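In: Below are the sequence and a predicted model for it; my questions follow.
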Amino acid sequence: MSASSVNRRRILSLWLPRLPIDRIQRFLGSAGLGKPNEPSIVVTKENNALVIYALDEAAERLGLHIGQPLANARAMCPDLKVFDADVVADAKTLSDIADWCDRFTPLVALDPPHGLFLDITGCAHLFGGEAALLKTLVRALARQGFAVSAAIAGTSVCARTLTRQMPGIIVADGGEAAAIDRFPVSALGAGEAITTGLRRAGLKTIGDVASRSPSEITARFGARFSTLLAHALGQGDAPINPRKPLPDYIVEKRFAEPIATDTMIAMTLSRLADTLIASMEKQGKGARRLEAAFFRTDGVVRTIMVETGRPVTRSAVIDRLFRERLDALADPLDPGFGFDMVRLSASRTEIVLQEQRDLDAHVHDNDELAALIDRIAARIGGKRVIVHLPEDTHIPEQAVLAAPAQHHLAAAMQAEWPARAEGEPPLRPLRLFDKPEPVTVPFATVPDGPPHQFTWRRAKHAVVRVEGPERIAMEWWRQDGKQLTRDYFRIEDAEGLRFWIFRDGLYEGEVFDADGKPAPPNWYVHGLFA
């Protein structure tokens, strides 16, 4: 066997021709509403008419077919059960099946509307070979209530063609052209216009088309079809587009007898963590994002993810993080009839930088703080644990950036904040509102003086002391001409409350009414001092 054939990919194409009706019947059956052997169809609207979009085996035996008008179908079968198409629900079901197929290979791609591609290169031997893998996959989906066709070939186009014409076939590397030679040209899925053109040219089978020179086919039907034909014949192939990126490291455990207890789940995760850490340690890496996938026997897949602020190099830390995450789940991890496979993967890793930790107390404290943040984030979510970073701007509400603590802890520790002048009152309030709140000012000293009194939240406040104004002009490269110049005042009322108030706009300079005449600016309270 040549080196080129060893490195060739192997693609399993999966097709669920009755997915829309199978999805509905599975739901009705689980709810106890379905009736066996009752002809059922799914319809959709095309050209202002309802036509058959999918049908079950009973309806097909009656002579109904996809694309047939509903009126004609009812004439043939008055007792026909009709459902409306739901493309979104079908796509969700296909995505769930793709999740389940992850147990065979992490490289699973969608083949819309009702198909999947699985790149099984180098992993078929784990399931007893390609034939055993194909048989296991088809039987498992059939048990779940889906009609399914599958085939394996060296290219995705060839495998897809086989699932539509001769399901269950496994084509050896290099045998793609012979396998599809007698299929009709429509099997390539090139579109009605090209298929009709090929037939008019006397090319009725794929073998007929392949017998012509590539330049002739390209000149007549375009480069896109010529490339499609070459891929179908095994002459090169476009890579599939997996739904998820391949993790850096993957370890998994399969069970002959499904597990369902919390103790067994925890023990399995612990052993997988040991194996994962050992694999990463060989290359000097640590995990920053970890994902545990639990595959139930009924096809349901549950995925849990945790992130860390620093690369994890100890399995005990992984155990602790997943315990925190599992304990905090709003929707508990329901094992159903048990999990027959558990997978632990590191989807993001980093090279571990060696630091002196025994004598450096600062580094030790940072490690403990990072570990605490990871545990809290695993329990309540990483977006809820934040640090504040200074921003280079004078605009008060934009001077601080709230960022996830796991990813910005180091930056927060090194951030430099403006120092407060000794012996001076604070220039900024202790409490800053997310949005400035409007206040009513009956009169103020013009053009840039403070108000003498104002009403905020239905309460009147008489001004007794004022500091300011502090003028803050909006950044011209960001404002789009909509933000006005602000004059801020530190104000104390008769009750001793201190406010941070600003006038939005300059008198007779930035605020105008509908007629273009100068209008009085609005006033707002932006924060409260201690």
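Out: It's in.

In: quick one, strands of the stretch 401-530 of the chain?
Out: Assigned strands in the stretch 401-530 of the chain, in chain order: 431-439, 453-456, 459-472, 486-493, 498-504, 522-528 (criterion: DSSP state E, counting those that start in this stretch).

In: now for those, which one comes closest to Cys123?
Out: Ranking these by their distance to Cys123 (criterion: C-beta to C-beta) puts strand 431-439 first, at 51.4 Å. Bear in mind the C-beta positions are built from the backbone N, C-alpha and C, glycine included.

In: got the contact list for the residue nearest to Ala58 when sequence neighbours are not counted?
Out: Using C-beta to C-beta, 6 or more residues apart in numbering and skipping residues adjacent in sequence, the residue nearest Ala58 is Pro39, 4.2 Å away. Contacts for Pro39 were tallied using C-beta atoms under 8 Å, 6 or more residues apart in numbering; they are 55-56, 58-59, 61-62, 64, 77, 79-81.

In: From Ile380, how far out is Pro39?
Out: 52 Å (C-beta to C-beta, to the nearest Å).

In: Show the low-confidence segments of the stretch 201-350 of the chain, by residue range.
Out: 330 (pLDDT under 70).

In: Can you list the residue ranges for strands in the stretch 1-150 of the chain?
Out: 11-15, 40-46, 49-55, 81-84, 108-111, 115-119, 149-153.

In: how close does the residue most central in space within the chain get to Arg503?
Out: Geometric centre of the chain, nearest residue: Lys244, 8.6 Å, by C-alpha atoms, centre = their mean. As judged by C-beta to C-beta, Lys244 and Arg503 stand 53 Å apart.

In: Asp331 now?
Out: 51 Å.

In: Settle it for me: which of these two has more neighbours?
Out: Set Asp331 next to Arg503 and count neighbours by other C-beta atoms under 10 Å: Arg503 wins out with 27 against 6.

In: ok so, going back, out of the strands of the stretch 1-150 of the chain, flag the one nearest Ser345.
Out: Among those, strand 108-111 sits nearest to Ser345 (C-beta to C-beta), with 14.0 Å.

In: Pull the closest one out as PDB, backbone CA atoms only.
Out: What follows is strand 108-111, C-alpha atoms only, in PDB (Å, rounded to 0.1, in the frame of the first residue of the first chain):
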ATOM      1  CA  VAL A 108     -18.700  15.600  12.500                       C
ATOM      2  CA  ALA A 109     -20.100  18.000   9.800                       C
ATOM      3  CA  LEU A 110     -23.600  18.900   8.700                       C
ATOM      4  CA  ASP A 111     -24.800  17.900   5.300                       C
END
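
In: ok, how many other residues are close to the nearest residue to Asp99 once chain neighbours are set aside?
Out: Once flanking residues are discounted, Asp99 sits nearest to Val301: 4.2 Å by C-beta to C-beta, 6+ apart. Counted by other C-beta under 10 Å, the residues lying close to Val301 total 19.

In: so how far is Phe512 from Val301?
Out: 60 Å.

In: Gly449 now?
Out: 21 Å.

In: Pipe the strands of the stretch 1-150 of the chain into TSV and attach mean neighbour count per row.
Out: Output for the strands of the stretch 1-150 of the chain, formatted as TSV (neighbours: other C-beta atoms under 10 Å):
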stretch	mean neighbour count
strand 11-15	25
strand 40-46	19
strand 49-55	20
strand 81-84	16
strand 108-111	20
strand 115-119	23
strand 149-153	24
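
In: mind listing what's buried in stretch 267-276?
Out: 268-270, 272-274, 276 (16 or more other C-beta atoms under 10 Å).

In: if we take those residues, which one ends up nearest to Arg8?
Out: For the buried residues of stretch 267-276, the nearest to Arg8 is Leu276 (29.9 Å; C-beta to C-beta).

In: And the pLDDT at Trp417?
Out: Predicted confidence (pLDDT) for Trp417: 79.

In: Could you check how many residues crowd around it?
Out: Trp417, neighbours per other C-beta under 10 Å, totals 10.

In: Name the nearest residue to it, ignoring sequence neighbours.
Out: Closest to Trp417 by C-beta to C-beta, 6+ apart is Pro390, at 5.6 Å.

In: separation between Phe234 and Gly154?
Out: If you look again at residue 234, you'll see it is Gly, not Phe. 5 Å.

In: shared neighbours, those two?
Out: Contacts common to Gly234 and Gly154, judged by C-beta under 8 Å, 6+ apart, are 173-174, 176.

In: Compare those residues and tell me which has the most neighbours.
Out: Busiest of these [other C-beta under 10 Å] is Glu176, holding 24 neighbours.

In: on that earlier part again, ok, now which ones touch the residue nearest to Asp99?
Out: Counting by C-beta under 8 Å, 6+ apart, Val301 has contacts 96, 99-100, 102, 293-295.

In: now the helices for the stretch 301-450 of the chain?
Out: Per DSSP state H, counting those that start in this stretch, the stretch 301-450 of the chain has helices spanning 315-327, 361-380, 405-414. These are given in chain order.

In: now this protein, which segments are flagged as low pLDDT?
Out: In the chain, residues with pLDDT under 70: 1-7, 30-36, 330, 354-367, 423, 477-482, 513-514.

In: Mind putting the shared contacts of Gly234 and Gly154 into JSON lines with secondary structure and distance to Arg289?
Out: As requested, those are exported to JSON lines (DSSP: H, G, I helix; E, B strand; the rest coil; distance: C-beta to C-beta, whole Å):
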{"residue": "Asp173", "secondary structure": "coil", "distance to Arg289": "36"}
{"residue": "Gly174", "secondary structure": "coil", "distance to Arg289": "40"}
{"residue": "Glu176", "secondary structure": "helix", "distance to Arg289": "39"}
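
In: ok, so of these, who is nearest Ala187?
Out: When the shared contacts of Gly234 and Gly154 are compared against Ala187 (criterion: C-beta to C-beta), the nearest one is Glu176, at 12.9 Å.

In: Which residue, other than its chain neighbours, is closest to that closest one?
Out: Nearest one to Glu176, counting by C-beta to C-beta, 6+ apart, is Gly234 at 3.1 Å.

In: That neighbour belongs to a strand?
Out: No: using DSSP: H, G, I helix; E, B strand; the rest coil, the assignment for Gly234 is coil, not a strand.

In: So the residue nearest to Pro106 when sequence neighbours are not counted, which state does it fall into?
Out: Among residues not flanking Pro106 along the chain, Leu246 sits closest, at 5.7 Å (C-beta to C-beta, 6+ apart). Here Leu246 takes the coil state, with states given by three-state DSSP.

In: doesn't Val108 make contact with Leu246?
Out: No: applying C-beta atoms under 8 Å, one finds Leu246 not in contact with Val108, separated by 10.8 Å.

In: buried set for stretch 52-69?
Out: Buried residues in stretch 52-69, defined by neighbour count with 16+ other C-beta under 10 Å: 52-56, 58-59, 64, 68.

In: Many thanks, have a good one.
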